[in-house]
Structures are given as structure tokens and as C-alpha cells.
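Enquirer: One predicted model, sequence on top.
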Amino acid sequence: MLAVQGGFQRHVEHLREAGAEPVEVRLPTELEDLDGLILPGGESTTINMGIEKAGLAPAILAHHEAGRPVLGTCAGMIVAGKEHLDLIEITTRRNAFGRQLASFEDDIEVEGIVEGKIRAVFIRAPWVESTGDGVEVLAEVRDHPVAVRQGTVTALSFHPELTPDNRIHLWFSELCAA
Ligand code: GLN
């Protein structure tokens, strides 16, 4: 669990509940030997600065290149995209849903990750502006992708850690264990 800034605590709780053993990552060495990595929501500019300051980017890239899964949520989606860590071939638009929809919730289907619908909490959320060829769109809201996947990297515009529904953390824990 990347823990340089943002809403990582609730992810840690959800991961524990899913039977995983979450580790808070603030230094490159702390990422060694972990089976997966979650990039949380928060403030993407601050998270990017924190990654830079701690020299975490090479460790995150090595983790990704070793085929270990990465999940980015909200600001974490922005950080995972082409403009930053470039783990997934997407560009994003920050605060894309505008002022009126600064925060909203919606019941959405996320293909291949959960059965049926899941309540998605959007907080000054980004949407995916463009996708490369290898990127699968798993969910859309207002005709814009809000869940995407490319290989071992999944990115969500919303906050799966803010509802009691633990299915996304269960799915991710199982993916990491596999
Ligand atoms: N608006 C934030 C950003 O652009 C993301 C918001 C969030 O993570 N809830 O970084």
C-alpha cells in the first residue's frame, strides 16, 4: 500500500479484512518482495511529489516489470497513467466530472472484477481521456471510462475503500496471491 499521501488507511483495513497482509510503503526497500501495490486516492500532485522525494519510482517500475499487480484508485489512477509512472497506457482528466458532480455515487458494473453492481464513490474524480490499444475498458460513467485494465495494472476513478463492500479488495488480494 503506497502510503506517501492520501486515503491509504481505509485500503489497509479492507485488505486486512480480505485476508491480505498489507504493508505501508514509504521507502523503496519496503516495496521489495510485495505481491501487489495499491496507489490510493488523494492529491495526485502531492503523491507524485512524494514518490519523487522518496525515490520510489524505480522500485514501482521494477515491481510492475516483475509482473506484480498494481491497482490505482482515483488520484492513484492519474499517477499510474502515461503522464506520470506510465504503468498503463491511459491519459486522464483531473476533476473531470466538474463542480456540480464534485462528489457523487453510482451503482456500476465493473466487468470481470465483480459480479453484479457495486456502489462507486467518486470524489473530485478523474475520468480516462484516452486509452492505448492494449487497454480494456471495464466500466463507463457518462460515456467516459472509469475503470480500465491493461495486463496486471487496473485503474479505477472511484474509491472502493469507502464502502463496506469488500469485493474489489478480495479480487485484488486473490490476483496478487495468484
Ligand atoms: N482530484 C484529485 C486529483 O486530481 C483526485 C481526487 C481523489 O483522489 N479523490 O489528484
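Expert: That came through, no problem. Numbering: from 1, shown residues only.
Enquirer: Which positions in the host helix or strand of residue 45 come out as buried?
Expert: Under the criterion of DSSP states H and E, residue 45 resides in helix 44-54. When burial is assessed from 16 or more other Cβ atoms under 10 Å, helix 44-54 yields the following buried residues: 44, 47, 48, 50, 51, 54. Where C-beta positions appear, they are placed from N, C-alpha and C, glycine not excepted.
Enquirer: One more: stretch 93-106?
Expert: 96, 97, 106.
Enquirer: coming back round to it: what's the helix holding residue 45 in contact with?
Expert: 2, 4-6, 26-28, 39-40, 56-57, 60, 75-76, 78-79, 84-85, 94, 126 (Cβ atoms under 8 Å, 6 or more residues apart in numbering).
Enquirer: Of the buried residues of stretch 93-106, just say which sits nearest to residue 13.
Expert: residue 106 (23.1 Å; Cβ to Cβ).
Enquirer: Is the closest one in a helix, a strand, or coil?
Expert: strand (DSSP: H, G, I helix; E, B strand; the rest coil).
Enquirer: Can you give me the pLDDT of residue 3?
Expert: pLDDT, residue 3: 98.
Enquirer: Make 738 the starting number, not 1.
Expert: Got it, first residue is 738 now, which makes that one residue 740.
Enquirer: From what I see, it and residue 762 are in contact.
Expert: Yes. At 5.9 Å, residue 740 counts as touching residue 762 under the criterion of Cβ atoms under 8 Å.
Enquirer: Spatially nearest residue to residue 838 (excluding sequence neighbours)?
Expert: residue 859 (7.3 Å; Cβ to Cβ, 6 or more residues apart in numbering).
Enquirer: Tell me which strands the helix or strand harbouring the one you found pairs with, and in which orientation.
Expert: Using DSSP H and E, residue 859 maps to strand 854-860. Strand 854-860 has its sheet partners listed here by DSSP bridges as strand 840-846 (antiparallel).
Enquirer: what residues does the strand it pairs with touch?
Expert: For strand 840-846, using Cβ under 8 Å, 6+ apart, the contacting residues are 834, 853-861, 876, 878, 883-884.
Enquirer: Which of the residues in whatever helix or strand residue 751 lives in are classified as buried?
Expert: In the assignment (DSSP H and E), residue 751 maps to helix 745-754. Buried residues in helix 745-754, counting neighbours by 16+ other Cβ under 10 Å, are found at 745, 747, 748, 749, 751, 752.
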